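Asks: Pasted the sequence and its predicted model underneath.
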Amino acid sequence: MKILIIEDETRAANQLQLMLKACGFDFELLDVIDSVEDSVLWFQKNSAPDLVFMDIQLADGLSFEIFQKTNVQAPIIFTTAFDQYAIQAFKVNSVDYLLKPIQKEDLEKAIDKFMKSTKPAMDASLLQQLLSDLQVAPKREGLLVKEGNGFVQVKVSDLLYCYSEDSITFGVTLNKRFIIQETLDEFFSTLDPLTFFKINRGQVVAKAAIQKIDPYFNHRIKLSIANPRDQEFIVSRPKTGDFKNWMNK
């Protein structure tokens, strides 16, 4: 069984491979790809795999864009960190998905369903409907964070940026830094995409927190952000175009 993994987090891609082996799934890994752009090129240059595991949130955008730019003739199992509201869109549209963090039992069920299925490649109109459903999902307004022996609620509107470091997600406001008990992708998927942007694999910034934008080497962009706390904010090369479009909204 030839499979392709489209995932922008190396640890998640490695974990998926280990879990597939633990499930006794006999497979040949063709490639691991982390962006929409590279995925489009891969499908244009290679024969279709037997199965694709595809993350929703990639380094340079949503994976649905792949289907808009090239013909994908392969069954898809999506992996996603979208919140409980957005996930209803997958159920309504009968799309195969695995919710992160992926559980071995769920993976076994998805593989079993795939092996028994005669479903063709993903329908483009179905994906467009799915994307529309995901975009109207309610966005969170606050989060509960630990403070001393208790907890306090932080308003999402006060968040300047969040980032991942040593597998821990941190959030930063003007007055404090705190730990978020979710992966960066899981947390980002619950935020308003007009207000927050994932500038690279490890950082999400709020539009209101951006004080200055400067060109950076290798066609990248460097941001000056309020209360940086020794963080450097570089928009990755694949995301510069989307970032500029986002700033214009």
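Replies: Noted; the coordinates are in hand.

Asks: centre of the chain versus stretch 32-46, how much separation?
Replies: Counting by CA atoms, centre = their mean, to the nearest Å, stretch 32-46 is centred 16 Å from the centre of its parent chain.

Asks: Quick one: residues in contact with it.
Replies: Here stretch 32-46 makes contact (CB atoms under 8 Å, 6 or more residues apart in numbering) with 4-8, 13, 30-31, 58-63, 65-66, 69-72, 201, 238. Yep, even glycine has a C-beta here, placed from its N, CA and C like the rest.

Asks: And the next helix or strand past the lowest-mean-pLDDT helix or strand in the chain?
Replies: Least confident helix or strand, the chain: helix 87-92 with a mean of 67, by mean pLDDT, DSSP states H and E. Toward the C-terminus, helix 87-92 is succeeded by strand 97-99 as the next helix or strand (DSSP states H and E).

Asks: Low-confidence ranges, the chain, go.
Replies: Scanning the chain for pLDDT under 70 picks out the ranges 83-86, 88-89, 91-94, 119-122, 124, 133-138.

Asks: Who does the spatially most central residue of it form a beta bridge with?
Replies: The centroid of the chain falls nearest to residue 57 when counting by CA atoms, centre = their mean (2.3 Å). Counting by DSSP bridges, residue 57 is bridged to residue 62.

Asks: contacting residues around it?
Replies: Neighbouring residues of residue 57 by CB under 8 Å, 6+ apart: 8, 63, 80-81, 185, 188-189, 198.

Asks: Give me the phi and psi for residue 179.
Replies: Note on residue 179: its backbone torsions stand at phi -90, psi 130 [degrees, to the nearest 10].

Asks: That one against residue 145, yeah?
Replies: Yes - the criterion here is CB atoms under 8 Å, and residue 179 meets it with residue 145 at 6.9 Å.

Asks: Those two: who's more crowded?
Replies: The neighbour count for residue 179 versus residue 145, taken as other CB atoms under 10 Å, is higher for residue 145 (16 against 11).

Asks: doesn't residue 178 make contact with that one?
Replies: Yes - with contact defined as CB under 8 Å, residue 145 counts as touching residue 178 (4.3 Å).

Asks: Between those two, which contacts overlap?
Replies: Common contacts of residue 145 and residue 178 (CB under 8 Å, 6+ apart): 154, 171.

Asks: and residue 199, how far is that from residue 216?
Replies: 11 Å (CB to CB, to the nearest Å).

Asks: Compare the two and say which one has the larger neighbour count.
Replies: Legend: neighbour count by other CB under 10 Å for residue 199 and residue 216, higher for residue 199 (25 against 16).

Asks: How is this structure divided into domains?
Replies: The chain breaks down into these domains under automatic domain parsing: 2-135, 142-247.

Asks: On the three-state scheme, residue 67 is what?
Replies: Three-state call for residue 67 (DSSP: H, G, I helix; E, B strand; the rest coil): helix.

Asks: Count the residues that sit near it.
Replies: By the criterion of other CB under 10 Å, residue 67 has 22 neighbours.

Asks: Quickly note the distance from it to residue 126.
Replies: As for residue 67, its distance to residue 126 is 10 Å (criterion: CB to CB).

Asks: quick one: contacts for residue 152?
Replies: 144-145.

Asks: got it, and the one 5 residues further on?
Replies: Applying CB under 8 Å, 6+ apart, we find residue 157 in contact with residue 141.
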